[in-house]
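> Give me the fold of what follows.
(chains A and B)
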Protein chains: 2
Amino acid sequence: MLNINKQSDTFLYQQVVDLIAENIKTGTLSPGDRLPSLRKMSNSAGVSIPTVRQAYIELERQRRVESRPQSGYYVRHRAANPIVRPARPLSVDPEPLRCRSLMERVYDGINNPDLVPLGIANPSMAKPAAKTLHRTMKRVMARAEDRSIGYASTLGEAGLRRQIAYHYLDTIGVNVEPDEICITNGGQEALLLALSAVASRGDIVAVETPTYHGLLELIDSLGMLAVEVETCPEDGVTLSALEQTLQKHAVKACMFSTTLGNPLGVTLPPDDRVKLVKMLEKYDVAMVEDDVYGDLLFDGTRPVPAQFLGSKARILTCGSFSKTASPGYRIGWIVSQKDTDEVARLKRAFSCSSGLLQQMTLSEFMASGDYSRHVKSLRPVLKQNSERMLAVVAEHFPKSTRTSKPVGGSVLWLELPKNVDAEQLFDDAIKAGISIAPGHIFSPCACYRNFVRLSYGHPWTDKTEQAIKWLGQHVQRLSTLTS
Amino acid sequence: MLNINKQSDTFLYQQVVDLIAENIKTGTLSPGDRLPSLRKMSNSAGVSIPTVRQAYIELERQRRVESRPQSGYYVRHRAANPIVRPARPLSVDPEPLRCRSLMERVYDGINNPDLVPLGIANPSMAKPAAKTLHRTMKRVMARAEDRSIGYASTLGEAGLRRQIAYHYLDTIGVNVEPDEICITNGGQEALLLALSAVASRGDIVAVETPTYHGLLELIDSLGMLAVEVETCPEDGVTLSALEQTLQKHAVKACMFSTTLGNPLGVTLPPDDRVKLVKMLEKYDVAMVEDDVYGDLLFDGTRPVPAQFLGSKARILTCGSFSKTASPGYRIGWIVSQKDTDEVARLKRAFSCSSGLLQQMTLSEFMASGDYSRHVKSLRPVLKQNSERMLAVVAEHFPKSTRTSKPVGGSVLWLELPKNVDAEQLFDDAIKAGISIAPGHIFSPCACYRNFVRLSYGHPWTDKTEQAIKWLGQHVQRLSTLTS
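Model (predicted):
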């Protein structure tokens, strides 16, 4: 009997998918091999024939297997997609932002509802929680009619801060005081307030490379300079490179994503987290910890944010509901044990307070268990989407294309053939009705010119598949044209 | 027949109130005079006896008249409350913020729901539009289920920007392009983005004195310095004083409220608006125009924001729904003809976008006419509240107390006897269950020490009246103790 667990929360068909995928990965099933027949698999796994059929159809959608009429399902030949390797030299110098106008065009693409949305990192939309959220909000409106349209307090609704504190306790066993949490207008304002609390105009801020373009625009807008630190696609920021940077430059703050960094999707291993905190303490450098994807690892437990791994380092951790549940609510938060007062002062000065109705709604959404249930059901959808996207990319992009291997979140990072310019691809894709994020915008010096980030954070449709196929074929064309 | 207009939108009883008040003001009715009997007034005004009775009861609540058993209503003797005069010398130097910790305590008071809320400027709560807003939001949820929880675009929902543009056209006949409007997280973020667009760390910003404490905290948080410009409680910022300041200091931007400035409630006359714009052009100084109270003049038409009075000056006008309809929605906006791109860039970098569901709701709230109807019904409530507050202040505060004469908005500015410290009053009031705003926080150098700002922007109750009475009596005590 194969290892199928009927008590598990994972659907049976998904367990069969995982089982076959694992066998393909380890080589037990090789390209060209025939899968067991539906009946045989049903017997050996102890699940129904329709369940096996569902699994095989899913594997076919993921391009892992193909069906041959009158014959059965066979393991496909896949392109080799080794993980992207660092493309940058060590210890580069601080750089001003070079690709403002391209960033603006990328946002125009993101904001255009008529395009296939592969350009925006928006995981929650893969399985929207709108119904439950709306139901919850209506209850709040009825219960607190006048109050719910009034001002929230500066730090935010006490009930929501308690729920977030409880979430940290529940998921990672860490004690956070509700008064150490400040509710913000989404994750982006959390980053603004946290960075403003620890650095000011002219200061140097260390970032991963590649890194989230929103960080780069923020650093630039505050008159600071970003210095890139080599980041390994498998293990996150390279600590030896960071130490060299800290020795060479008067870095005021680091701005790192410790879990599922965007766009690499990389998570800093536990040992490195501890070493990172020690290094921050040693060099007396503050850190803004971008943790907005913390709840979105496909499998396994949520890593502990670096802030909770040391008592001396000055770390401000930024979270958000935008990636998990409700982007349009604009509700995020900062956990800060050392800069609580400064964060509150900045919050008051910059935007007074955050939306109350949304805070009350999310507080109830968490308290009822709906949030946990929703995230639990969102993760497998994202995982499935990532597998589908990897498969379609493998099939249609040039063989030399290399990709990240997402273990969570909603984005795939692709290295295209060297002679392909992602800005050209971006422009052509917009004309073809597709929005993507060209690599340029993930570095202040616009150096990831043959990289793109694709998002699988939307319900998977034929349009998605067609769009990726078009992109792959167009990359083929571009690489041939210019070679 | 007296001048009563039965076609008017103003309630008949309110017209009677206005008529009597006007007669008291002009001296036709003097203190001690008896009002016409109910029957006589009913005949001469052509309204019913119950209507006249309602008017007289209201006049009694406003402390303008008093009833004497078996005799009728008589005009009361009122304390003389001349308008506050400038208390500051001309052309002072830029000042860093001195009263941070007091500001924090004021916000603690504001955020405490158990206190009588005289400390926060929150006009919309005098007549909450919650029912209509909730109904509208539910319609939006039903119509755009998934979309309404998603990201808004950077500039904000196109429909709402069109409605705001139309509102400018409708109320002041000014053409604004929807693309010149950027939706923000409330008025405070509008101020942040507008100021960040035109000035940076170390720059000097000219402000009215006294001025809104939120401006001072913002300027301070951005590492800028505020320089105060003499402001006349009757006519707004004194232009000769402003010119001296511009000659003496390298002012980068002005941050003025042209309509219903907070806390003076003063509105810049039309001629001075034009002169101000010319002066900004002459000295090449930008202006952030705080116009969040623009819709809340009790009577008469909305003045035209300075931005629309000149084509060369760089002016960014900040508006908000927080003062008129929905503080907790955190939806405000910037109109900027010259800095549109920079504002959008900052908005994206600082907070990505604003809440979509609230934007869609407000768009529909405006399109249906509900917004205009609501504001129209809110103004007379605020006016009535202001009259009540003035009357209770006149009755219970020391005779030497001087007050502003609100013509809109929700706050009264009081000058107390010189020896009364408003910080002491604030501390004692908190203990007595009342939150107020001490004068210190309306100036960077904390110089309005014997001033307080009281808000009448909440439903008027016996508690409100008792609280003002307690404050008046306590000011009496404090002035006696220390004299």
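> alpha carbons only for contacts and neighbour counts from here, please
OK.
> Pull up the residues of the stretch 201-350 of chain A that are close to chain B.
Residues of the stretch 201-350 of chain A lying close to chain B (C-alpha under 8 Å from any C-alpha of the partner chain) are A:201, A:214-215, A:217-218, A:221, A:326-330, A:345-346, A:348-350.
> Could you pick out the buried ones from these?
Buried subset of those (neighbour count, 16 or more other C-alpha atoms under 10 Å in any protein chain shown): A:201, A:214-215, A:217-218, A:221, A:326-330, A:345-346, A:348-350.
> Looking at the residues of the stretch 201-350 of chain A next to chain B, which is nearest residue A:233?
Distance to residue A:233, by C-alpha to C-alpha, is smallest for residue A:215 among those, at 18.5 Å.
> Which parts of the stretch 1-150 of chain A are strands?
For the stretch 1-150 of chain A, strands defined by DSSP state E, counting those that start in this stretch occupy the ranges A:65-68, A:72-75, A:116-117.
> Sheet partners, orientation included, of the first one?
Partner strands for strand A:65-68, per DSSP bridges, with pairing direction: strand A:72-75 (antiparallel).
> Contacts only, for the nearest residue to residue A:325 once chain neighbours are set aside.
Using C-alpha to C-alpha, 6 or more residues apart in numbering or on different chains and skipping the chain neighbours, the partner closest in space to residue A:325 is residue A:124 (5.3 Å). Contacts for residue A:124 (C-alpha atoms under 8 Å, 6 or more residues apart in numbering or on different chains) come out as A:322, A:323, A:324, A:325, A:326, A:327, A:378, A:457, A:458.
> Spit out the contact partners of residue A:136.
A:361, A:364, A:365.
> now the helix or strand hosting the first one: mean pLDDT?
So that's residue A:361. Using DSSP states H and E, residue A:361 sits within helix A:356-367. Model confidence over helix A:356-367, given as mean pLDDT, is 98.
> Helix B:356-367 and that one, what's the angle between them?
Relative orientation of helix A:356-367 versus helix B:356-367 (axes from the mean of the first three to the mean of the last three C-alpha atoms, to 10 degrees): 140 degrees.
> all strands for the stretch 301-450 of chain A, in order.
A:315-320, A:332-336, A:402-403, A:411-415, A:434-435, A:437-438.
> Could you dump those strands into CSV with mean pLDDT and mean neighbour count added?
Formatted as CSV, the strands of the stretch 301-450 of chain A follow (pLDDT from 0 to 100; neighbours: other C-alpha atoms under 10 Å in any protein chain shown):
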stretch, mean pLDDT, mean neighbour count
strand A:315-320, 98, 29
strand A:332-336, 98, 27
strand A:402-403, 92, 24
strand A:411-415, 96, 26
strand A:434-435, 96, 28
strand A:437-438, 96, 30
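> Not counting sequence-adjacent ones, nearest residue to residue A:381?
Closest to residue A:381 by C-alpha to C-alpha, 6+ apart is residue A:126, at 6.9 Å.
> Narrow the contacts of residue A:124 to those in helices?
Secondary structure assignment by DSSP state H places residue A:378 of the contacts of residue A:124 in helices.
> Just give me the closest of the contacts of residue A:124 to residue A:7.
For these, the nearest to residue A:7 is residue A:378 (19.5 Å; C-alpha to C-alpha).
> wait, isn't the closest one in contact with residue A:129?
No - here residue A:378 lies out of contact with residue A:129, judged by C-alpha atoms under 8 Å, at a distance of 9.2 Å.
> Please list all residues in contact with residue A:455.
Applying C-alpha under 8 Å, 6+ apart, the residues contacting residue A:455 are A:117, A:118, A:119, A:120, A:121, A:122, A:410, A:411, A:412, A:436.
> And residue A:442, by the same measure?
Residue A:442 touches A:209, A:210, A:211, A:212, A:213, A:216, A:263, A:448, counting by C-alpha under 8 Å, 6+ apart.
> same deal with residue A:452?
The neighbours of residue A:452, taking C-alpha under 8 Å, 6+ apart as the test, are A:413, A:414, A:415, A:416, A:422, A:436, A:437, A:438, A:439.
> go with 6 Å
Residues in contact with residue A:452, defined by C-alpha atoms under 6 Å, 6 or more residues apart in numbering or on different chains, are A:414, A:437, A:438, A:439.
> and the residues you listed as TSV, adding distance to residue A:57?
Below are the contacts of residue A:452 laid out as TSV (distance: C-alpha to C-alpha, whole Å):
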residue	distance to residue A:57
A:414	26
A:437	30
A:438	32
A:439	33
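> if we can go back for a sec, the strands of the stretch 1-150 of chain A into CSV, with extra columns for mean pLDDT and mean neighbour count?
Shown next, in CSV, are the strands of the stretch 1-150 of chain A (pLDDT from 0 to 100; neighbours: other C-alpha under 10 Å):
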stretch, mean pLDDT, mean neighbour count
strand A:65-68, 82, 19
strand A:72-75, 87, 20
strand A:116-117, 94, 24
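> And those: which comes nearest residue A:278?
Nearest of the strands of the stretch 1-150 of chain A (C-alpha to C-alpha): strand A:116-117, 40.3 Å.
> just the strands in the stretch 151-300 of chain A please.
Going by DSSP E, counting those that start in this stretch, the stretch 151-300 of chain A shows strands at A:181-184, A:204-209, A:225-232, A:236-237, A:251-256, A:286-290.
> okay, the ones you listed, which one's buried deepest?
Mean neighbour count (mean count of other C-alpha atoms under 10 Å in any protein chain shown) peaks for strand A:181-184 among those, with a mean of 30.
> quick one: it near chain B?
No - using C-alpha under 6 Å from any C-alpha of the partner chain, strand A:181-184 stays clear of chain B, with a minimum separation of 9.1 Å.
> what's the lowest-pLDDT member of the residues of the stretch 201-350 of chain A next to chain B?
residue A:201 (92).
> ok, now how distant is the nearest residue to it once chain neighbours are set aside from residue B:338?
Spatially, and ignoring its direct neighbours in sequence, residue A:201 is nearest to residue A:223 (4.7 Å; C-alpha to C-alpha, 6+ apart). Separation of residue A:223 from residue B:338 (C-alpha to C-alpha, to the nearest Å): 21 Å.
> returning to what we had before: and the residue nearest to residue A:201, how far is that from residue A:196?
From residue A:223 to residue A:196 the distance is 11 Å (C-alpha to C-alpha).
> rewinding a little: export the strands of the stretch 1-150 of chain A to a markdown table and tack on distance to residue B:46?
Formatted as a markdown table, the strands of the stretch 1-150 of chain A follow (distance: least, C-alpha to C-alpha, whole Å):
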| stretch | distance to residue B:46 |
| --- | --- |
| strand A:65-68 | 89 |
| strand A:72-75 | 92 |
| strand A:116-117 | 67 |
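> Just tell me which of those strands ends up closest to residue B:300.
Distance to residue B:300, taken as C-alpha to C-alpha, is lowest for strand A:116-117 among these, at 48.8 Å.
> Show me what that closest one is packed up against.
strand A:434-435 (3 or more C-alpha pairs under 6 Å, 6 or more residues apart in numbering or on different chains; DSSP states H and E).
> neighbouring contacts of the strand it packs on?
Strand A:434-435 is touched from outside by A:109, A:115, A:116, A:117, A:118, A:119, with contacts defined as C-alpha under 6 Å, 6+ apart.
> and if you look at stretch A:63-70?
Counting by C-alpha under 6 Å, 6+ apart, A:59, A:60, A:73, A:74, A:75, A:76, A:391 sit against stretch A:63-70.
> Identify the farthest-apart pair in the residues you listed.
Going by C-alpha to C-alpha, the pair spanning those furthest: A:73 and A:391, at 16.0 Å.
> and of the contacts of residue A:124, the nearest to residue A:173?
Residue A:173 lies nearest to residue A:324 out of these, by C-alpha to C-alpha, at 20.3 Å.
> So for that closest one, what's the pLDDT?
With respect to pLDDT, residue A:324 scores 96.
> Kindly state the pLDDT recorded for the nearest residue to it once chain neighbours are set aside?
Leaving aside its chain neighbours, residue A:324 sits nearest to residue A:124 (4.8 Å; criterion: C-alpha to C-alpha, 6+ apart). On the pLDDT scale, residue A:124 is placed at 93.
> now do residue A:42
The model's pLDDT for residue A:42 equals 90.
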